[in-house]
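Asker: please work out how this folds:
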Amino acid sequence: MESNFNGKMTITDNLAKIKKELPPGVKLVAVSKTKPVEDILTAYNSGHLIFGENKVQEMVFKWEQLPKDIQWHMIGHLQRNKVKYLAEFVSLIHGVDSLKLLREIDKQAKKHDRIIKCLLQVHIAEEDTKFGFDSAELNDLIGSDELRQLPNVEVIGLMGMATFTKDRLQIRREFKTLKTLFDELNAKLPEISILSMGMSGDYEIAIEEGSNMVRIGSSIFGSRNQH
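Answerer: Got it, this is the predicted structure:
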């Protein structure tokens, strides 16, 4: 009992500490992947409503178990054949990296009479393992008739992940690149208002470079469960 109680206190305290440090206007997505329902409930009971998952099956399971006013964000790479499972309830999809995926989201959203908010993922890292559009592809898509023909999708911003490196100058440079792209699009399209960049290891740099949505997991819930 004691360790569980201490764990609950830690999640609540960590959340309060991070929220206090975040500048006004920066939204916090608590990354709850691999964490049990009880931990999410602890965070929820402290007043936090936005949680991020990277596996569809796990997110659906948690959605079924937990209060329905929770806003679920899909932060992982999303395969087109999995969209149907989360179309009923997902609040925001962070990692949209192709027009084909947008079309599938639109199709599945229509079935539930919903408009699903999405962020377009931009490839800013020097790693090939990351997904996303390059700047030319992004500009082509944003101004395209194809996007306008998807009434059940609303693109509201951009998302990017920096290279996994200790080189903080490189991380800063990559975030700066994304912020420049974001500013260019936002000047033309005011609805492009969310810039999701920054995780537990680099969110301070991301905020300094203009992020207004950060995805933080281990700094809230402790190190990832190994299973």
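
Asker: please count neighbours and contacts with C-alpha atoms only from this point.
Answerer: Noted.

Asker: quick one, strands of this structure?
Answerer: Secondary structure of the chain (DSSP state E): strands at 27-31, 50-53, 71-74, 92-96, 116-121, 153-159, 194-199, 213-216.

Asker: quick one: contacts of stretch 159-171?
Answerer: Outside of stretch 159-171, the residues within contact range by CA atoms under 8 Å, 6 or more residues apart in numbering are 94-95, 119-127, 130, 132, 174-175, 178, 195-198, 202, 205.

Asker: now the buried members of those residues.
Answerer: With neighbours counted by 16 or more other CA atoms under 10 Å, the contacts of stretch 159-171 contain buried members at 94-95, 119-125, 130, 132, 174-175, 178, 195-198, 202, 205.

Asker: for the chain, name the helix or strand with the lowest mean pLDDT.
Answerer: Lowest mean confidence among the helices and strands of the chain (mean pLDDT, DSSP states H and E): helix 2-21, at a mean of 77.

Asker: spit out the contact partners of the closest residue to residue 131 other than its chain neighbours.
Answerer: With sequence-adjacent residues excluded and distances taken as CA to CA, 6 or more residues apart in numbering, residue 131 is closest to residue 123, at 5.9 Å. When contacts are counted by CA under 8 Å, 6+ apart, residue 123 is found next to 130, 131, 132, 133, 134, 160, 161.

Asker: looking at these, point me to the pair that's furthest apart.
Answerer: Set against one another by CA to CA, the contacts of residue 123 have their most distant pair in 134 and 161, with a gap of 12.9 Å.

Asker: pLDDT below threshold where in the chain?
Answerer: Residue ranges of the chain with pLDDT under 70: 1-8, 129-130, 224-227.

Asker: how about the helices in it?
Answerer: If you assign secondary structure with DSSP state H, the helices in the chain sit at 2-21, 37-45, 56-65, 83-86, 99-111, 135-142, 145-148, 168-188, 203-208, 218-221.
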